[in-house]
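Asker: here's my sequence, what's the structure:
(2 chains)
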Amino acid sequence: NAGVTQTPKFQVLKTGQSMTLQCAQDMNHEYMSWYRQDPGMGLRLIHYSVGAGITDQGEVPNGYNVSRSTTEDFPLRLLSAAPSQTSVYFCASSYSIRQPQHFGDGTRLSIL
Amino acid sequence: GENVEQHPSTLSVQEGDSAVIKCTYSDSASNYFPWYKQELGKRPQLIIDIRSNVGEKKDQRIAVTLNKTAKHFSLHITETQPEDSAVYFCARGGGNKLTFGTGTQLKVEL
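Answerer: Model (predicted):
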């Protein structure tokens, strides 16, 4: 099993550009989530999904969109990139919120 | 609300000593408390978790304690080793959200 796969691993964008961070899992997990990690601020929840077709906002959703058309995939879209979105982004999946979260390797995103 | 406060932000111990990291929360609906370890440049990985119906849980050198009345929980690492050096994050789960603390950089010195 591949676990949680995130692509790309690194990305540099210019302010105003849009892009999609991909996340896929092969464990048949219902719960998927996106976090951003900034120095000294831990992991902050952006959006999450409890199953296909269901998404909801986390702590810091502004500037990001998500969709969940299948159980396996949970892409994160940056609508108009801003320097404040420079961060490391982690996708995670699990059977439920009260089960171990399986993290991907992260995407390191820089916005110039 | 759903915030988690974690202390200390950095912790330095001698090899073989114990390390304790504490977290507090305010949301009474919190019922799941995991701890994650993150090595430099790597993904966070679960090391231990506890649910609200349990007061303490141990796994070899690692233990977690939960005080629901005071709304705090702690990670205890005994007989620390150099490979324990990493950033440790506490988290609380309630509803459908997992909220993380800001992390503790643990350094185990030889």
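Asker: spatially nearest residue to residue B:110, not counting backbone neighbours?
Answerer: Spatial nearest neighbour of residue B:110, excluding adjacent residues (Cβ to Cβ, 6 or more residues apart in numbering or on different chains): residue B:15 at 5.5 Å. For the C-beta atoms, the positions are set from N, CA and C on the backbone; glycine is no exception.
Asker: for that neighbour, give me its contacts.
Answerer: Applying Cβ atoms under 8 Å, 6 or more residues apart in numbering or on different chains, we find residue B:15 in contact with B:80-82, B:108-110.
Asker: cutoff 10 Å now
Answerer: Contact analysis of residue B:15 by Cβ atoms under 10 Å, 6 or more residues apart in numbering or on different chains lists B:79-82, B:84-85, B:108-110.
Asker: report pLDDT for it.
Answerer: On the pLDDT scale, residue B:15 is placed at 97.
Asker: go on, residue B:1?
Answerer: At residue B:1, pLDDT is 66.
Asker: and what of residue B:28?
Answerer: Residue B:28 carries a pLDDT value of 89.
Asker: quick one: stretch A:5-21 to chain centroid distance?
Answerer: Mean-position distance between stretch A:5-21 and its chain equals 11 Å (Cα atoms, centre = their mean, to the nearest Å).
Asker: CA atoms only: put it into CSV for me.
Answerer: Extracted in CSV, the C-alpha atoms of stretch A:5-21 (Å, rounded to 0.1, in the frame of the first residue of the first chain):
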residue,chain,number,x,y,z
THR,A,5,0.4,10.3,-1.5
GLN,A,6,0.8,14.0,-2.0
THR,A,7,1.9,15.8,-5.2
PRO,A,8,3.9,17.9,-5.9
LYS,A,9,6.5,17.7,-3.2
PHE,A,10,7.8,21.2,-3.9
GLN,A,11,6.2,24.2,-5.8
VAL,A,12,7.0,27.8,-6.3
LEU,A,13,4.2,30.1,-7.4
LYS,A,14,3.9,33.8,-8.2
THR,A,15,1.4,35.9,-6.4
GLY,A,16,-2.0,35.6,-8.0
GLN,A,17,-1.5,32.2,-9.6
SER,A,18,-3.7,29.3,-8.8
MET,A,19,-2.9,25.7,-8.3
THR,A,20,-4.1,22.4,-6.9
LEU,A,21,-2.3,20.2,-4.4
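Asker: give me the buried entries from the contacts of residue B:15.
Answerer: Buried residues within those, counting neighbours by 16 or more other Cβ atoms under 10 Å in any protein chain shown: B:80, B:84-85, B:108.
Asker: pick out the most distant pair among these.
Answerer: The distance between the two most remote of those (Cβ to Cβ) is 8.6 Å, for B:80 and B:85.
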